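Student: Sequence and predicted structure are below.
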Amino acid sequence: MHAPAPKRDDPDSHEALLAVLQSAPPARGAALRRVAFARAASGGSPGYALVILLMVGLLLGMAIAGLMFGSVHIPGGTAVAILANLVAGDGLVEPDWRAVYETIVVQTRMPRVVLAALVGASLGVTGMTIQSIVRNPLAGPSILGVSSGAATGAVVVMRWGLLGLGVFTLHISAFLGGLVTLFAVFWVARTGGHMTPTRLVLAGVAMSAILSALTSLIVLTSPDPQLASRVLFWTLGGFGTAQWKLIPIPLVALALGLGVMLVQARRLNLLMAGDESAVALGLNVQRFRQSMFVLAAALTGITVAVSGVIGFVGLIMPHIVRFLVGADHRRALPAVALLGASFTIGADLVARTVIAPLELPVGIVTALVGGPFFIWLLRRDARAFGGAR
């Protein structure tokens with residue numbers, strides 16, 4: 001005797017049926033693909049609030065460190081006092097620091113820290129969303145080729161000097177390059193009116209290889225000997241060009257993108273049980289997957305446009321967050337935004353202090369940290385990712 005089907009507009013019924021579907025013994029291949037997503041934490045745990053509180057504290061600590069350290073060291077108390085004076089005025093904190101300290105903190109380091117936090121948060125939530133919609137824990141924001149397309153768009157403008165809108169021309173061209181790449185990937189992956197996650201991944205990898213080769217060709221054939229050094233920013237990422245006027249674009253993009261992802265968190269949870277289970281619960285999987293791919297690509301394109309290509313943030317941070325708070329997107333998305341922001345601020349801090357006064361591309365630091373961590377993760381969870389122990 002079969003239980004009556006739950007109503008499609010009842011979230012509790014959705015979750016009840018999802019629990020039944022997940023409790024059923026899946027096929028071996030499907031089980032192996034979904035092991036990484038099977039450790040969802042129970043709702044309402046007081047431990048979650050503690051983790052979020054610790055992550056907020058970590059973010060604040062990294063932000064203050066980002067204001068303190070650099071070519072000129074500024075004491076932590078002075079940096080905090082400058083921030084308090086900036087917010088509340090002289091009535092709360094009387095200025096007793098050198099004027100150059102305030103200029104460095106407010107005009108140079110603060111925009112850099114804020115931009116790094118926004119980029120890290122965007123890459124974190126984008127990586128978690130992409131891993132869910134393709135049901136592959138090895139996926140990341142660069143999987144669709146959008147990062148390579150954005151870098152190519154910026155390089156084209158630099159190569160032929162099409163700078164009609166000044167500094168914003170590079171960011172606009174980078175975003176358009178990522179958008180065109182997304183449409184190309186969708187066109188390649190679509191067969192018979194449908195797109196599968198596997199075809200999207202393969203199309204994205206192929207497009208990334210083509211665009212990387214095209215970018216290298218443009219650089220090698222350019223008569224400008226300085227072009228290669230400028231292109232390095234777009235291929236390895238950095239926040240050296242951070243300005244206050246660049247902050248609103250990634251800020252609005254993160255607010256809108258994270259808001260949509262949180263609204264769709266229940267549907268993202270449904271995809272963890274597989275397409276068949278999601279369809280049984282009334283989800284139009286193809287349409288939902290396409291819309292979330294577009295959202296993820298837009299966020300990725302905007303982050304690349306303002307910071308260049310920064311790898312491993314969106315690949316590694318979701319794994320750490322799922323280990324800490326579980327796989328429920330209603331809980332994991334805010335956490336991964338906080339952790340991604342902290343990690344990127346820390347990576348930028350290392351990049352500009354380890355060989356000061358010279359500065360490393362941030363992408364090098366994230367790769368040096370993220371690469372070994374990911375290898376360790378693969379070794380630890382080899383069975384979960386389809387390999388043998």
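Tutor: That came in fine, so what should we check first? Residues are numbered from 1 along each chain as shown.
Student: in the chain, which helix or strand is least confident?
Tutor: Within the chain, no helix or strand scores below helix 28-34, which has a mean of 41 by mean pLDDT, DSSP states H and E.
Student: okay, the helix or strand following that one in CSV with CA atoms only?
Tutor: Next helix or strand after helix 28-34 toward the C-terminus (DSSP states H and E): helix 46-68. What follows is helix 46-68 as a C-alpha-only set of coordinates in CSV (Å, rounded to 0.1, in the frame of the first residue of the first chain):
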residue,chain,number,x,y,z
PRO,A,46,23.1,25.5,18.7
GLY,A,47,26.4,24.5,17.3
TYR,A,48,25.6,26.3,14.0
ALA,A,49,25.2,29.6,15.8
LEU,A,50,28.6,29.1,17.5
VAL,A,51,30.2,28.3,14.1
ILE,A,52,28.7,31.4,12.5
LEU,A,53,29.8,33.5,15.5
LEU,A,54,33.4,32.2,15.2
MET,A,55,33.4,32.8,11.4
VAL,A,56,32.2,36.4,12.0
GLY,A,57,35.0,36.9,14.5
LEU,A,58,37.5,35.4,12.1
LEU,A,59,36.4,37.8,9.3
LEU,A,60,36.7,40.8,11.6
GLY,A,61,40.2,39.7,12.7
MET,A,62,41.3,39.2,9.1
ALA,A,63,39.9,42.5,8.1
ILE,A,64,41.8,44.3,10.9
ALA,A,65,45.0,42.5,10.0
GLY,A,66,44.5,43.6,6.4
LEU,A,67,44.3,47.2,7.5
MET,A,68,47.4,46.8,9.7
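Student: How about helix 46-68, which residues are buried there?
Tutor: 48, 51-52, 55, 58-59, 62-68 (16 or more other C-beta atoms under 10 Å). All C-beta spots, glycine's among them, are computed from the backbone N, C-alpha and C.
Student: Dump the residues you listed into a markdown table; add pLDDT and distance to residue 276 as well.
Tutor: Compiled in a markdown table, the buried residues of helix 46-68 are given as follows (pLDDT from 0 to 100; distance: C-beta to C-beta, whole Å):
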| residue | pLDDT | distance to residue 276 |
| --- | --- | --- |
| 48 | 91 | 30 |
| 51 | 94 | 33 |
| 52 | 95 | 34 |
| 55 | 96 | 35 |
| 58 | 97 | 40 |
| 59 | 97 | 39 |
| 62 | 96 | 42 |
| 63 | 96 | 45 |
| 64 | 95 | 49 |
| 65 | 95 | 48 |
| 66 | 94 | 46 |
| 67 | 94 | 51 |
| 68 | 93 | 53 |
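Student: Is it possible to get CSV of those that adds distance to residue 119?
Tutor: Shown next, in CSV, are the buried residues of helix 46-68 (distance: C-beta to C-beta, whole Å):
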residue, distance to residue 119
48, 25
51, 22
52, 21
55, 17
58, 17
59, 14
62, 14
63, 14
64, 19
65, 17
66, 13
67, 17
68, 20
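Student: Where do the helices of the stretch 101-250 of the chain begin and end?
Tutor: Counting by DSSP state H, counting those that start in this stretch, the stretch 101-250 of the chain has helices at residues 110-133, 146-160, 167-189, 197-220, 227-236, 248-263.
Student: What is the distance between the last one and the centre of its chain?
Tutor: Pointing back at helix 248-263 there. 12 Å (C-alpha atoms, centre = their mean, to the nearest Å).
Student: Give me the angle between it and helix 110-133.
Tutor: If you take axes from the mean of the first three to the mean of the last three C-alpha atoms, to 10 degrees, helix 248-263 sits at 30 degrees to helix 110-133.
Student: Distance from the helix or strand following helix 248-263 to the middle of the chain?
Tutor: Using DSSP H and E, the helix or strand that directly follows helix 248-263 along the chain is helix 265-271. Remark: helix 265-271 is offset 19 Å from the chain centroid, using C-alpha atoms, centre = their mean.
Student: Any buried residues in stretch 259-279, and which?
Tutor: Neighbour count says stretch 259-279 has 261, 264-275, 277-278 buried, by 16+ other C-beta under 10 Å.
Student: could you give the mean pLDDT of that stretch?
Tutor: The average pLDDT within stretch 259-279 is 88.
Student: Span of it from start to end?
Tutor: Length of stretch 259-279, first residue to last, C-alpha to C-alpha, to the nearest Å: 24 Å.
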